Structures are given as structure tokens and as C-alpha cells.
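S.K.: Whatever this is, show me its structure:
(one chain, ligands or ions: 1)
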Amino acid sequence: MRFQVKFLGLFARALFFYLCAMDILLQCRPGFEREAAQEVVDRFTTGKGSAESKFERESGFVRISAKAPREAYAAIHWKDWIFVRQWWCIHTELALTGTDRLNPILLAARNAHDGVELPFSDLFLEMPDTNEGRQSKKFLSHIEPLIFTELEHEGLLDVQGDGPRLCLFFISATEALVGVADERSAPWSMGFPRLRFPAEAPSRSTLKLAEAFEVFLSPREQDLLLRSGMKAVDLGAAPGGWTWQLLARGMRVTAVDNGPLKGGALGHPSVTHLKADGFCYRPKVPVDWVVCDMVEQPGRVADLMLDWMVKGYAQTAIFNLKLQKHPRLQEVRNSLETIRKGLLDAGIRGRLIARQLYHDREEITVYLRREGKAKASGW
Ligand SMILES: C[S@@+](CC[C@H](N)C(=O)[O-])C[C@H]1O[C@@H](n2cnc3c(N)ncnc32)[C@H](O)[C@@H]1O
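M.R.: This is a model prediction of the structure:
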């Protein structure tokens, strides 16, 4: 009995050392802190880990204290998160209350570089995506070149290199978190690419599809999968922002919507506009892409996209799930599970990524691609 107790004690201690304590910063759309926190806590508390979240509503960020096996953290890629735009491990908390704010930042950057083999390859100055957060913008654009030049001069920053990124998150102009991020973090400052609105596009929601292409597809995949001459169907197309993105890549588009197309999508020679119900329409021959931005219950859209994939009407889909019910994370998980299960049952292997994009409001965007027959659990 005594031996057993001693053995258990040793085992618990080994487990304690095996678990690694992490203080993690998450960034998200303001108002979605609960969902972002829940995703990460759930992921770290499966198995041996534990995690707690701390956030203020509408703040646009969450702090997580986690104890988990290092492999658990190492296995997670930014594309695994739905509501988390950006994430990295916090190295230092900085209070910038004195008149000299530059030198404390440089000191923290040097400390964060201790134990890192290569020079940093980039510097991200980030802030909460809120009106309050944006008040630091002017200060950040002032200090960014100063930090950049000094770190380059000290050999701690080389933009041609393959080192990790140095990240500074300014909660306010006087309070910052410092961390080091690698390829598991999103490759854009604050977790989203900056896109310019194309003047000829008929609606601002054109940026949603442009962002989806940028976020879900690597540059090589964009070359392979967004080619001139491909065929696409746009369900719920009017006024034509998404159709316009497909046309801009040289595709032929069937735009399905009872509403009118506008701007660059109206009367375009590569567009066929069908005034039909997007839930009933199916193409006579399979197409390369189906995109869908219809405002409908997420479960209905998930079922529709599943049908398109299982029956092979399209090879790749991008669609919006408009969030309607609380808890929103559960609503999303239910829809994604329907798709995963439906594809597995049909023996189809593929790729499913879901993310709340910068241009998404009360919605998320999903990327779904058929990649052949499933072996065991290919999804
Ligand atoms: C958010 S808007 C689409 C905006 C479009 N993606 C763009 O970039 O311009 C939603 C559209 O879905 C259409 N819609 C809703 N239900 C539909 C249905 N059952 N069949 C076809 N279109 C539908 C609406 O008429 C509306 O034009």
C-alpha cells in the first residue's frame, strides 16, 4: 500500500513536470471573446491539460493560462481555430508608464530573444481591434521604425531570415504584452490580411471572398485552384461581390439569385444570371467551385453544401454560416459535425477549415474541398 502511494506521488510529480505552463494571448473579433476562449480551453483540457481564460466582453482579446503537454500546444495550427484570429505565447508583460517607452520595449525584445537561435524575421505591433485599441495606432507607427532599426542594428532582426516573429500587443499605449510567434500563429499582424476594396466590385462583401481565398489557400493552392476557364456557381449572388471575385480570376460563373446583379457583375459575358432558388439549383455538369452567401439557418446551408460535395456537383466550396443561436460555438460545431459525418459516411476524404474572417460579422466562413475517397478517418 505504502509503495503504491509513493509510486502515485512520483507519477503525479512526473506529470507536473511533463505539463508545461503557458500564458497565451488570443485575439478575436470584439464580442466573440467567449467563443475564442472556449475553443482554446476545450482543446487544452482534453487529455492531461488544464486551462483557464480571462477576458472582458467586447475587448477583442483573451488571456489563457494553460498547463498542457508541450506536444499539445505544438500540434495546434492557427487554421485549427474558428473564432481565434491570432494566438501566441506571452513572454513578458510591460508597463510603459515612464516618459521613455522605447528602451523598455527594446529591453523586453532582447529578453524575448534569449534562447531563440535565429534573429527574428519580422516585427508585429498589434492592438485590440476596438476603438480604444486603435488609439495606440499613432504611437505604434511612430515607434515601429525605431524598434525595427535598433533590432536590425543589434543583429536581432533579419527580414530575409527564417526566424520566429517578435510580437508586441498594445492593450493600451502604456500596457503591452510581448511574445514570440512561429508558424503556428497567423502570418498577418492581428491575424488577418489587409485587402483593398476593388472600385469595380458591386458590394463590400466582395472582400469576404477575397479574404477567404487569401486565408484558406496557400499561394501555390491559389495558382492551382483559382484558374482562368474554371466553372463556378454563386448561390445567393446578388448584387455580385463574390461573383466579381470569381470573374476577376477568369472563371465562368452561374450567379443564382432572384435579386439583381450590379456593377462589374451585371451583363458580364462570363456570367449567367439565374433567377432561381439556391436550395433547388444543381448544375447539369459538375463545376470546380460553389460559393454560397445566402442568409439562412446554418444547418440548412451545411446540409446543402454536404449534398453538393457528396454528389460531386462541385470540387471545392466556400460558404458562410450565419450565426443565429446561442451558444454560437455549439451551433457552429453542430454544422461542421454534420458535414464531417456526412462526408465520412459517403466515404469522401477532404479538407474542412472554418474561420471567422475579419470581414465576417455574425457569421463564419467555411472552406470545403473534396480530395478523393476516405481511407479511415480522413476528415
Ligand atoms: C448577403 S447577400 C449576398 C451578397 C453577395 N455574396 C455579394 O457579394 O454581393 C444574400 C443574397 O442571398 C439571396 N438569397 C437568399 N435566399 C436565397 C435563395 N433561397 N435562393 C437564392 N438566393 C437567395 C438574397 O436574395 C441576397 O441577394
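S.K.: Run through the residues that contact S53.
M.R.: 37-38, 40-41, 62-64 (Cβ atoms under 8 Å, 6 or more residues apart in numbering). To be clear about C-beta, it is placed using only N, CA and C from the backbone, and glycine gets the same treatment.
S.K.: Can you give the domain ranges for the protein?
M.R.: What automatic domain parsing lists as the domains of the chain is 2-191, 206-373.
S.K.: so, in contact with the ligand or not, the shortest one?
M.R.: Yes - judged by Cβ under 6 Å from any ligand atom, domain 206-373 comes into contact with the ligand through 206, 236-242, 256-259, 277-279, 293-295.
S.K.: Sitting in helices, which of the residues you listed do you find?
M.R.: 206, 241-242 (DSSP state H).
S.K.: In the stretch 1-150 of the chain, where is pLDDT below threshold?
M.R.: 1-17 (pLDDT under 70).
S.K.: Quick one: the strands in this structure, in order.
M.R.: With DSSP state E as the criterion, the chain has strands at 19-27, 50-55, 61-69, 86-95, 122-126, 165-172, 175-181, 231-235, 252-256, 271-274, 287-292, 314-322, 348-355, 363-373.
S.K.: picking up where we left off before, ranking the ones in helices among the residues of domain 206-373 next to the ligand by neighbours, who comes first?
M.R.: Neighbour counts for these, by other Cβ atoms under 10 Å, peak at W242, which reaches 31 neighbours.
S.K.: how much space is there between that one and G229?
M.R.: From W242 across to G229, the span is 19 Å (Cβ to Cβ, to the nearest Å).
S.K.: shaky segments in the stretch 201-350 of the chain?
M.R.: In the stretch 201-350 of the chain, no residues with pLDDT under 70.
S.K.: Not counting residues beside it along the chain, what's closest to the residue in the stretch 1-150 of the chain that the ligand sits nearest to?
M.R.: Nearest residue of the stretch 1-150 of the chain to the ligand (Cβ to the nearest ligand atom) works out as R29 at 17.9 Å. Nearest-residue entry for R29: Q356, 5.9 Å, with adjacent residues in sequence omitted and distances by Cβ to Cβ, 6 or more residues apart in numbering.
S.K.: re earlier: tabulate the domains of the chain in CSV, adding columns for distance to E200.
M.R.: CSV is the format used below for the domains of the chain (distance: least, Cβ to Cβ, whole Å):
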stretch, distance to E200
domain 2-191, 25
domain 206-373, 4
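S.K.: Determine which stretch of those is the most buried.
M.R.: Most buried of those by mean neighbour count (mean count of other Cβ atoms under 10 Å) is domain 206-373; its value is a mean of 19.
S.K.: Give me the pLDDT for L177.
M.R.: You'll see L177 listed with a pLDDT of 98.
S.K.: ok, it - contacts?
M.R.: Taking Cβ under 8 Å, 6+ apart, we find L177 in contact with 25, 90, 92-94, 168-169, 171.
S.K.: could you redo the last one with a cut-off of 6 Å?
M.R.: 25, 90, 93, 169 (Cβ atoms under 6 Å, 6 or more residues apart in numbering).
S.K.: Check the gap between it and the ligand for me.
M.R.: Distance of L177 to the ligand, given as Cβ to the nearest ligand atom, to the nearest Å: 36 Å.
S.K.: In the sheet, which residues pair with that residue? Tell me.
M.R.: When bridges are called by DSSP bridges, L177 pairs up with E93, F169.
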